[in-house]
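[1] This is a predicted model, with the sequence first.
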Amino acid sequence: LGDGKLLYLFTSGALKEATKGYDFPRVLKALDQAGALAETDYGKRSKKVRTPDGRPTSLYHIDLDKLSDEQQQ
């Protein structure tokens, strides 16, 4: 982001694994509502980026600071 924030990048499969047991569309909605999706493409919840080998892939850019209790107060 350029402001020194640490973002966690997840492929769809990795985010599904990390949230196993939860309804995936509901997870994405909750992340979006919390403002934790730091970078997205227009109309999407993920952002298309290029891997080091040049292949395009969609990643979820998660800002965990937005999910901490300290941010909610």
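    That came through fine.
[2] Which residue ranges of this structure form strands?
    8-10, 37-39, 47-50, 56-62 (DSSP state E).
[3] pull the CA atoms of the longest helix anywhere in the chain into PDB?
    What stands out as the longest helix in the chain, according to DSSP state H, is helix 24-33. Output of helix 24-33 as PDB, limited to C-alpha atoms (Å, rounded to 0.1, in the frame of the first residue of the first chain):
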ATOM      1  CA  PHE A  24     -17.000 -18.700   2.200                       C
ATOM      2  CA  PRO A  25     -19.300 -16.000   0.700                       C
ATOM      3  CA  ARG A  26     -20.200 -15.000   4.300                       C
ATOM      4  CA  VAL A  27     -16.500 -14.800   5.200                       C
ATOM      5  CA  LEU A  28     -15.900 -12.500   2.200                       C
ATOM      6  CA  LYS A  29     -18.900 -10.300   3.200                       C
ATOM      7  CA  ALA A  30     -17.700 -10.000   6.800                       C
ATOM      8  CA  LEU A  31     -14.100  -9.000   5.600                       C
ATOM      9  CA  ASP A  32     -15.600  -6.500   3.300                       C
ATOM     10  CA  GLN A  33     -17.900  -5.000   5.900                       C
END
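[4] buried residues in that helix?
    28, 31 (16 or more other CB atoms under 10 Å). Any C-beta I mention is one placed from the backbone N, CA and C, and that applies to glycine too.
[5] Counting by contacts, list what it packs against.
    For helix 24-33, the packing partners by 3 or more CB pairs under 8 Å, 6 or more residues apart in numbering; DSSP states H and E come out as helix 12-18, strand 56-62.
[6] Report the angle between it and strand 56-62.
    60 degrees (axes from the mean of the first three to the mean of the last three CA atoms, to 10 degrees).
[7] hmm, back to that, which one of the strands of the chain lies nearest to K20?
    Nearest to K20, of all these, is strand 8-10, at 12.8 Å by CB to CB.
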